[in-house]
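**Student:** sharing a model that was predicted from the sequence below.
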Amino acid sequence: MDAKKNAAERAVEYVQHGMTIGLGTGTTAYWAVLKLGQKIREGLHVNAVATSVGTEKLAKENNIPIAPFSEIDSIDLAIDGADEVDRQKNLIKGGGGALTREKIIAYNSRKFIVVVDESKLVEQLGKFPLPVEVLPFGAELTLKRILSMGVEATIRQAENSNYITDNGNLIVDCRFGSITDPSSLDAALKTIPGIVETGIFLNTRVSTVVVGFKTGDVNEL
Ligand SMILES: O=C[C@H](O)[C@H](O)[C@H](O)COP(=O)(O)O
């Protein structure tokens, strides 16, 4: 756990007075929210937007002010986790189902810092099943179109029913095995009506990847 915590806490060092911060989702971003809460208690003034209902709740519990989107123009810095990071700093995200909100926040952030432990570093994306957010309407057809790409794909399940995102949608987990061209795959998936967003985050949006190691070291890529 310390590797995730160390990476997240290093990323929070980039936060400056007066910034608007994008708060990520997941077990790594969790530590960034806690650290930011501590800094606010020590006198730092920032406001924030959250990438999930869960993170917004955690932020409020830690006295982090949440700004309505109508009151901000852009985000200075977003800090978020990832499920896989390749050598070019392309990402797979969405293991926690928050990919669409996370992509909106990342896209609108001047600086996007990804926080991971070393287990997330891969040569090529795709071992982690790619999460794709899909509208419930016609989802069976949308799934068939995804399957016709020759990939094994299933609708994510919660306890006794389909997993539902904060946006009221479904997640299809796609087992591509190896993704040689993330940009083309992202574009191809988005030609299918019913797909809201994919968990592929291209490196053009990633400013820095902060990696925590079991040894206690933290590296920035
Ligand atoms: O939907 C969830 C997000 O993309 C997470 O940031 C990602 O799944 C990594 O989560 P964790 O830090 O818990 O491994």
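**Tutor:** Here it is on my side, so go on. Numbers count the residues shown, from 1 in each chain.

**Student:** and the contacts of stretch 182-193?
**Tutor:** By CB atoms under 8 Å, 6 or more residues apart in numbering, the residues outside stretch 182-193 that reach it are 86, 90, 125, 130, 132, 142, 145-146, 149, 176, 179, 195, 198, 200, 202. Every C-beta, even on glycine, is put in place using the N, C-alpha and C of the backbone.

**Student:** give me the buried subset of those.
**Tutor:** Buried residues within the contacts of stretch 182-193, defined by neighbour count using 16 or more other CB atoms under 10 Å: Asp86, Asn90, Leu125, Leu130, Val132, Thr142, Ile146, Phe176, Ile179, Ile195, Thr198, Ile200.

**Student:** mind listing the strands for the protein?
**Tutor:** Counting by DSSP state E, the chain has strands at residues 20-23, 47-50, 75-80, 84-85, 91-92, 109-117, 130-134, 152-155, 170-175, 195-198, 200-201, 208-212, 218-220.

**Student:** go through those strands and name the closest to the ligand.
**Tutor:** Nearest of these to the ligand, taken as CB to the nearest ligand atom: strand 75-80 at 5.3 Å.

**Student:** so does that closest one get close to the ligand?
**Tutor:** Yes: residues of strand 75-80 contacting the ligand under CB under 6 Å from any ligand atom: Asp80.

**Student:** tell me the buried residues in stretch 135-146?
**Tutor:** Buried residues in stretch 135-146, counted by 16+ other CB under 10 Å: Ala139, Thr142, Leu143, Ile146.
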